[in-house]
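**Q** Here is the input, now give the coordinates:
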Amino acid sequence: MEIKEENIINIHNFLPHRDPMLMADYIMELTKEKVVTSFEIQQNNIFVHNNEFAEAGLIENLAQTCSSILGQSFFENPDTDTKVIGFITSIKKIEVHALPKVGDTIISRASLISQFGNICNIFCETFHNDQLLIRAEINLFIQEVKS
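**A** Next up, the predicted model:
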């Protein structure tokens, strides 16, 4: 997938994550039902071992990608100090096919299967070039934390 500058959205507008736990760089496409993100694997990433991005990093990347679908409603105004909590409630199915290397840019795609309130079921895949790295079906929960 070609990354077009004019379509890139800063993921900080839709996720509360920050370094060292931010595992997505840019949102390249975002609707109420799907999202596409990109992430360049850096040598200093906490999930890099032996020059490869570990399975746990791929799962966290998928979770953050999926969270953008639900998270966009909480972060529509980037000037507000919104605090949210979110987590994976279950992984129904997961297949890891390959691990990306340092310097690779991975593209993750997620599609909403169903949503009930703050809980959603999402199908997601991550690729490096045309190679499928991971595929999963994840349930996520996200809600705003009131002060």
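**Q** what about V96, distance to K146?
**A** Distance, V96 to K146, using CB to CB, to the nearest Å: 37 Å. Where C-beta positions appear, they are placed from N, C-alpha and C, glycine not excepted.
**Q** Which residue of the two possesses the greater neighbour count?
**A** The residue with more neighbours, out of V96 and K146, is V96; 15 against 5, by other CB atoms under 10 Å.
**Q** where does the more buried one fall, phi/psi-wise?
**A** Reported as degrees, to the nearest 10, the phi and psi values for V96 are phi -100, psi 120.
**Q** okay but it is in contact with L62, surely?
**A** No - using CB atoms under 8 Å, V96 is not in contact with L62; the gap is 10.7 Å.
**Q** tell me which element the most centrally placed residue in the chain is part of?
**A** For the chain, T65 is the residue whose C-alpha lies nearest the centre (CA atoms, centre = their mean; 1.8 Å). Using DSSP states H and E, T65 maps to helix 55-71.
**Q** and that helix, what does it pack onto?
**A** strand 26-30, strand 34-40, strand 84-96, strand 105-116, strand 119-128, strand 131-144 (3 or more CB pairs under 8 Å, 6 or more residues apart in numbering; DSSP states H and E).
**Q** Quick check: neighbours shared by V96 and L62?
**A** Residues touching both V96 and L62 (CB atoms under 8 Å, 6 or more residues apart in numbering) are I134.
**Q** residues contacting L112?
**A** 32-34, 69, 120-122.
**Q** swap the cut-off to 7 Å and go again
**A** 33-34, 69, 120, 122 (CB atoms under 7 Å, 6 or more residues apart in numbering).
**Q** next one: Q43
**A** V102.
**Q** per-residue confidence at M21?
**A** Predicted confidence (pLDDT) for M21: 67.
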